[in-house]
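Chemist: Could you look at this predicted model? Sequence included:
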Amino acid sequence: MKTERRHELQKNELADWLGNKLMWAEQNSSLILGVVAAVVVVIGVAVYYQNSRAQRAESAWNEYFGAIENRDPTMIADELEKVAKNESALVPGQMAELLLGDIALNEGINQLNTDREAGEKRLTEAKNHYAEARNAADNPRLRERATLGLARYYESMGLLDEAIKEYKTLADDTDGLYRTEAQRKLEYLAMPTTLAFAKAFRDRKPAPVPTGTSMFNLDDLNKLPKSEASFPGEAKSTTPAATTTPAASATPSATPSASPTATAIAK
């Protein structure tokens with residue numbers, strides 16, 4: 001009897017609980033419908049945003065590959081600039097920033113020996129592209145690649161302390177793609193000869209070379225003394241040059257034809 005009574009009480013409690021909940025649902029139906037509608041809207045927006053982002057990423061990749069397949073170098077840079085500016089939050093835009101940085105870095109390094117000011121300006125542009133890519137990228141591999149670009153920029157400018165800092169970041173990443181390369185660079189940058197060369201190169205300010213002018217002039221080589229015109233490793237002759245006897249010798253004759261002694265003997 002006690003067991004049956006206990007079961008009956010439990011059934012009554014469950015019925016009361018369900019009844020109360022149903023009554024609450026009836027009284028608050030508007031609130032429930034509003035919450036459900038809000039959840040549906042949030043889910044719908046999330047799905048739409050995800051699909052829209054996927055479509056935008058696909059379009060950005062098409063623009064990126066279209067830019068690098070362009071045969072005109074000027075057009076490549078212009079198209080990459082558009083992708084980098086318009087799609088900075090997406091991987092294609094960040095890849096465009098990295099590629100623009102690489103282009104500017106290579107051009108800047110080549111210009112340093114002919115026009116220091118122009119070369120440094122181009123290198124600064126490379127630095128800005130790498131910094132933009134690193135700040136925008138969520139992908140760790142893209143951030144690593146941007147850090148490598150910044151390290152190369154500082155090294156090219158002779159700013160070795162900053163270069164060492166960036167290379168150390170890469171060397172300390174046990175899973176990094178550029179860890180081995182960064183470790184080799186750190187060893188190289190620690191050498192005294194590297195420090196001396198970097199200082200000398202940083203202080204060197206070559207004058208711009210006019211367009212179409214060769215940096216090496218054969219006429220300048222021909223003006224050098226023969227002893228200085230040999231190439232590295234070429235043995236220089238130690239045999240003195242043969243002395244050329246002048247046509248009119250300064251050595252006096254043994255018996256001049258018009259001497260007084262000769263005249264006296266003839267008499």
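Modeler: It's in. Numbers count the residues shown, from 1 in each chain.
Chemist: can we go C-alpha only for contacts and neighbour counts from here?
Modeler: OK.
Chemist: so where is this protein shaky, pLDDT-wise?
Modeler: 1-53, 205-267 (pLDDT under 70).
Chemist: Which parts of it belong to which domain?
Modeler: Domain assignment for the chain by automatic domain parsing gives 1-58, 70-208.
Chemist: for these, which one sits closest to residue 64?
Modeler: Shortest distance between residue 64 and the domains of the chain, using CA to CA, is found for domain 70-208: 6.3 Å.
Chemist: Residue 181 is in contact with residue 173, correct?
Modeler: No - if you go by CA atoms under 8 Å, residue 173 and residue 181 don't touch, sitting 11.9 Å apart.
Chemist: what comes up buried for stretch 60-76?
Modeler: If you call a residue buried by 16 or more other CA atoms under 10 Å, then stretch 60-76 has these buried ones: 60-61, 63-64, 67-68, 76.
Chemist: what does stretch 114-134 give?
Modeler: In terms of neighbour count (16+ other CA under 10 Å), stretch 114-134 has its buried residues at 114-120, 122-134.
Chemist: which residues touch residue 105?
Modeler: The neighbourhood of residue 105, defined by CA atoms under 8 Å, 6 or more residues apart in numbering, consists of 122-123, 126, 153.
Chemist: From those residues, pick the one nearest residue 198.
Modeler: residue 153 (13.0 Å).
Chemist: gap between that closest one and residue 106?
Modeler: 10 Å (CA to CA, to the nearest Å).
Chemist: In terms of neighbours, single out the busier of these two.
Modeler: Neighbour count, other CA atoms under 10 Å: between residue 153 and residue 106, residue 153 has more, with 29 against 16.
Chemist: Name the SS class of the more buried one, please.
Modeler: Secondary structure, DSSP: H, G, I helix; E, B strand; the rest coil: residue 153 is helix.
Chemist: For it, give me its contacts.
Modeler: For residue 153, the contact set (CA under 8 Å, 6+ apart) comprises 105, 123, 126-127, 163.
Chemist: pretty sure residue 170 is touching residue 179, no?
Modeler: Yes - if you go by CA under 8 Å, residue 170 and residue 179 touch, sitting 5.4 Å apart.
Chemist: So between these two, which is more surrounded?
Modeler: A count of neighbours by other CA under 10 Å puts residue 170 above the other of residue 170 and residue 179, at 24 against 19.
Chemist: what about the more buried one, which SS state?
Modeler: Judged by three-state DSSP, the three-state class of residue 170 is helix.
Chemist: repeat for the one 5 residues further on
Modeler: Assigned with three-state DSSP, residue 175 falls in the coil class.
Chemist: burial count for it?
Modeler: Neighbours around residue 175, by other CA under 10 Å: 9.
Chemist: and the gap between it and residue 147?
Modeler: Here the criterion is CA to CA. By it, residue 175 lies 15 Å from residue 147.
Chemist: which residues does residue 178 contact?
Modeler: Counting by CA under 8 Å, 6+ apart, residue 178 touches 144, 148, 170-171.
Chemist: same deal with residue 148?
Modeler: Applying CA under 8 Å, 6+ apart, the residues near residue 148 are 166-167, 170, 178.
Chemist: cool, and residue 165?
Modeler: Counting by CA under 8 Å, 6+ apart, residue 165 has contacts residue 151.
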